[in-house]
Every structure is written in C-alpha cells, then in structure tokens.
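Asks: Just the structure for this:
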Amino acid sequence: MEEEKYQNLIEVFRNKRNVEFEYPFKLEKGYSYYADIYVKEECKLPNGKVIPPSTIIEIKERLLFDTLSRYKKLFEGNKEKWEISHFYIFYKESRIPQPFIRQYTNGNFQVHSIDEFFSEKHQAESYHYYYWHENDDKTIINQAHNAVMQGRVTLFLGAGVSRDAGLPAWDSLLKDLLNEYQQKKKSSIGQNNYKSVTDQCANSSIITARYIRTGLDLSSKDYKFIQMIHQSLYKKKKQPQLLIDAIAEAVRKYHQANLNYGIESIITYNYDDLVEQALDKRNVKNLSVYESNRVMQNEFPIYHVHGIIPEQQGSKAITPTAILCEEDYHEVYRDAYLWSNIEQLHALNRNTCFFIGLSMTDPNLRRLLDISQKRTDGKANHFVFMQKKPFDSTSSSKQDKENRKIQQQILNELGLNVIWFDKFSDLPKLITRIFS
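Replies: Residues are numbered from 1 along each chain as shown. Here you go, the predicted structure:
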C-alpha cells in the first residue's frame with residue numbers, strides 16, 4: 001500500500017479505535033496474508049457512512065480484473081476461519097466497466113471508488129444494508145424516504161395490513177373453514193383439531209387448505225367455497241383501520257399531485273378490498289386488477305395476485321376468486337408468464353418496492369426476489385418492515401439479536417433493506433414518516 005498517495009484516506013482510520021494496519025491473517029502452509037486495514041469494531045466515517053465490524057479493507061491505486069476475482073476468492077475461502085464479516089476494496093482509478101464492478105459489489109463483498117465512498121457529498125444513504133447495525137433507525141428511514149422521493153414506488157401488502165383492520169390471520173381463516181367442514185359434514189374433525197390437521201399436512205398452510213377443501217367436496221373456485229372465505233374475512237372487521245388509512249393517505253398525496261415519482265401501484269396478497277374502500281373515501285380513482293385486465297389512465301392499480309373477494313359482492317362487477325389451496329399455488333409456479341408473476345417482476349426490476357405486513361416466507365415471492373436480484377445490479381434496492389420478535393419463548397436477548405442478524409442477512413441477499421419495528425402500532429407512524 002502506497003501510503004503517501006492515500007494520506008487522507010489513512011487519516012480517516014488512523015485515530016480510530018480497534019483499527020489495525022498491515023494486519024496478518026494466516027494462510028495454509030505457514031504463509032500469511034497482510035490486510036491493508038483491519039477494522040475490528042464498527043467504524044463511523046466523517047461523512048456518516050459506517051464500516052461494519054470485522055472488516056478487511058484493501059486499497060488499490062488501479063483496479064484490475066484480477067484484483068476482483070482474487071480477493072473475492074480469498075474472502076470466500078477464509079471468512080469463517082478468520083471470522084471476517086465483510087471485505088472492502090477501495091480504488092483510486094479503474095477502466096473496468098461499472099456494470100462489471102457492480103456484479104462483485106453485493107452483500108458482504110464491496111468494491112468502491114475512493115472519491116465516491118469518502119466524499120462529503122455522498123452521505124450515508126445506500127450502505128445500511130451491508131452491515132448489521134440494528135439501532136440506526138434514523139439512517140434507514142432517511143434512506144427509505146430518499147428512495148421514495150427519487151423514483152417510482154410499488155407497495156407490496158401482506159396479511160398484516162388487513163389484520164390491523166380486524167381481518168383474520170391465515171391460521172384463523174383455516175380454522176373457520178375447518179369449523180365449516182365439521183358443521184356441514186357432521187365431522188368428528190373440527191376447529192379443536194386444527195393442530196392435528198396441520199401436523200398431518202406437514203405444517204403447510206396451503207396443504208391444510210387443500211385438506212379442508214377436499215373434505216368439503218368443493219373445488220377452490222366453487223362459489224360456496226368462496227362464500228365461506230368471505231364470511232370468515234369480514235365478520236370481525238373493525239374501525240379505525242390505522243395502517244390502511246396511512247397507506248391510502250400516502251397514495252392519495254402522490255397520486256393526486258401527479259408527480260413522476262412516489263407510489264405508482266400496489267401489489268397485494270390479500271383477498272379483501274379494504275385499500276380500495278379507503279381510496280374511494282379519498283376520491284382516488286382506482287382499479288382492482290385480479291386478472292390481466294388493463295389499467296386505464298388516471299386509475300391507481302391495485303394488483304390482487306392471490307385473488308380478490310370484495311366485501312360488497314357485485315358492487316364492482318368483480319368475479320370473486322382466491323388462490324388458497326396447494327393446487328392453486330402449483331398453477332402459479334407452473335406458469336412463468338402468468339400475469340401476476342409478470343407484474344411482480346416488473347415492479348421488482350423497475351421500481352423501489354416496500355413490503356408491508358408480510359412475513360417474507362412465501363416461496364413464490366422469494367423466488368421472484370431471487371430472479372430479480374440476478375437480473376438487476378444485485379444491490380438491496382427494496383425495503384421490508386419486520387417486527388422484532390423473540391427467537392423462542394425462553395430465548396435471551398443475545399439469541400434474539402443473533403437471530404435477527406441472520407434473518408436480516410438473508411433478506412439483504414434477497415435485495416431487501418430491513419426496517420425493524422417493535423410494536424405493530426408503530427407501522428402507521430413509520431409509513432407516514434417515510435412517505436411524507
């Protein structure tokens with residue numbers, strides 16, 4: 001490392017605690033590799049960016065193709081033995097095309113221009129997802145807000161959004177359907193046997209749904225089956241619907257202002273039309289898309305990729321439908337060109353997406369996120385709201401934090417920045433703050 005050429009960069013780390021220069025790491029056969037800089041503990045830079053703990057830094061006058069592949073191989077082959085979390089390469093100049101560099105800049109292996117990364121003009125706006133720094137809420141929220149103001153946004157909504165309005169969680173819906181089965185078939189198996197039924201179905205909700213549907217002797221598209229779902233959905237609907245109202249208000253502000261940035265569409269996995277109802281109250285013209293129907297100009301689209309069952313049936317000439325059972329999901333997986341898959345990939349590839357009320361366990365969604373990551377720059381361009389939960393009923397705070405760390409790293413690999421929150425009641429405030 002030619003220190004005289006990088007004196008300013010050296011001084012950034014010189015006075016930091018737990019930072020070592022020319023730090024040795026053991027290789028095979030008695031050899032050693034000397035890292036230019038080894039950051040033992042988290043290191044905050046003057047421009048607000050943060051180098052995560054246990055990070056190796058290499059500084060290069062000129063970046064070469066061989067440099068990228070060689071250090072990537074070194075990192076992947078030794079990170080566990082050396083207990084290294086990240087590897088950074090900073091370079092002064094390069095003739096390597098930026099798209100090629102971005103292929104290497106992903107997750108825990110980072111490649112950046114010195115001028116760009118350490119410039120005071122480039123504040124900490126896009127690096128939160130590269131490290132585990134759970135408590136820096138302000139940074140990630142500001143990053144999310146900046147993303148909204150700089151481009152087009154799609155909201156992905158899950159069951160947690162509707163549950164805030166009193167609608168049932170997946171398990172509650174299936175228990176209601178199992179109760180319907182017991183009553184209609186005079187069965188000895190009912191709601192009280194739900195755990196035994198799920199055990200028989202490999203603890204899979206979609207296999208459990210198929211089990212119940214088969215017992216009812218109905219197809220998943222049968223009107224009677226849809227009516228049972230409808231009855232379970234809306235029987236405990238409540239007011240106020242704070243989260244849905246916060247989402248609808250955010251949509252209204254951007255849609256009515258007719259801006260070329262902000263919220264462009266919603267993709268929902270929920271059957272209900274509560275978001276449409278909230279937008280109607282705000283005089284936002286909207287369209288429920290549940291097949292490959294076309295969106296007209298000035299209509300705000302809400303894509304129901306798992307089907308739709310409106311509360312007021314027949315009010316919008318909508319044919320109720322629901323993807324609930326195992327065979328329905330197989331149809332989704334089988335058809336790569338299904339309209340719902342195309343719409344989701346379109347949003348993931350072109351927009352900044354926010355995932356609200358989702359557990360992020362849906363296998364098709366994770367598959368689409370992986371596909372999108374491989375097609376784009378590989379960076380974490382999207383955001384997901386995740387509630388902090390205990391690892392188990394007896395876990396320590398250390399175990400809880402370690403679990404969240406691993407979960408966050410997985411979500412980062414899927415292209416998602418994680419916005420952690422404590423209570424579900426925090427979500428409406430976070431939505432309002434980010435989309436203000």
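
Asks: in which helix or strand would I find Ile410?
Replies: Per DSSP states H and E, Ile410 falls inside helix 397-413.

Asks: brain fart, Ile141
Replies: Going by DSSP H and E, Ile141 is part of helix 137-150.

Asks: How far does stretch 47-54 stretch from one end to the other?
Replies: Start-to-end span of stretch 47-54 (Cα to Cα, to the nearest Å) is 20 Å.

Asks: Next, find the distance separating Tyr91 from Ser204.
Replies: Distance check for Tyr91 against Ser204: by Cβ to Cβ, to the nearest Å, it reads 48 Å. C-beta coordinates here come from the backbone N, C-alpha and C atoms, glycine included.

Asks: Repeat that for Lys138.
Replies: To Ser204, Lys138 is 40 Å away according to Cβ to Cβ.

Asks: Neighbour count: these two, which is higher?
Replies: Neighbour tally, Lys138 and Ser204, criterion other Cβ atoms under 10 Å: the higher count belongs to Ser204, 13 against 8.

Asks: residues of stretch 192-211 that come out buried?
Replies: Within stretch 192-211, the residues scored as buried using 16 or more other Cβ atoms under 10 Å are 193-194, 197-198, 201, 205-211.

Asks: With stretch 21-32 instead?
Replies: Under the neighbour-count criterion of 16+ other Cβ under 10 Å, stretch 21-32 has 23, 25 buried.

Asks: just how off-centre is it within its chain?
Replies: Relative to the chain's own centre, stretch 21-32 is displaced by 38 Å; criterion: Cα atoms, centre = their mean, to the nearest Å.

Asks: how long is it from one end to the other?
Replies: 14 Å.

Asks: Touching that stretch from outside, list them.
Replies: When contacts are defined by Cβ atoms under 8 Å, 6 or more residues apart in numbering, stretch 21-32 is touched by residues 1, 10, 13, 33-38, 56, 78, 82.

Asks: Flag whichever of those residues scores worst on pLDDT.
Replies: In terms of pLDDT, Met1 ranks lowest among the contacts of stretch 21-32, with 44.

Asks: just for the stretch 101-250 of the chain, where's the confidence low?
Replies: Within the stretch 101-250 of the chain, the ranges that satisfy pLDDT under 70 run 119-137.

Asks: need the strands for it, in chain order.
Replies: All strands of the stretch 101-250 of the chain, identified by DSSP state E, counting those that start in this stretch, fall at 109-113, 152-157.

Asks: and these as CSV, adding mean neighbour count?
Replies: Formatted as CSV, the strands of the stretch 101-250 of the chain follow (neighbours: other Cβ atoms under 10 Å):
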stretch, mean neighbour count
strand 109-113, 20
strand 152-157, 24
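
Asks: per-domain residue ranges of this structure.
Replies: 3-124, 145-164+238-434, 170-234 (automatic domain parsing).

Asks: still on that earlier bit, turn the strands of the stretch 101-250 of the chain into CSV, including distance to Asn47.
Replies: CSV is the format used below for the strands of the stretch 101-250 of the chain (distance: least, Cβ to Cβ, whole Å):
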stretch, distance to Asn47
strand 109-113, 12
strand 152-157, 26
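
Asks: which one of these lies closest to Phe65?
Replies: strand 109-113 (11.7 Å; Cβ to Cβ).

Asks: neighbouring contacts of the closest one?
Replies: 63, 68, 72, 75, 86-92, 94, 101, 104-105, 130.

Asks: just the CA coordinates of it, formatted as PDB?
Replies: Once non-C-alpha atoms are left out, strand 109-113 reads as follows in PDB (Å, rounded to 0.1, in the frame of the first residue of the first chain):
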ATOM      1  CA  PHE A 109     -18.100  -8.000  -0.600                       C
ATOM      2  CA  GLN A 110     -17.900  -4.400  -1.500                       C
ATOM      3  CA  VAL A 111     -15.900  -2.500  -4.300                       C
ATOM      4  CA  HIS A 112     -16.000   1.300  -4.300                       C
ATOM      5  CA  SER A 113     -14.200   4.300  -5.700                       C
END
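
Asks: what about it, distance to the chain center?
Replies: Taking mean C-alpha positions (Cα atoms, centre = their mean), strand 109-113 and its chain are 23 Å apart.
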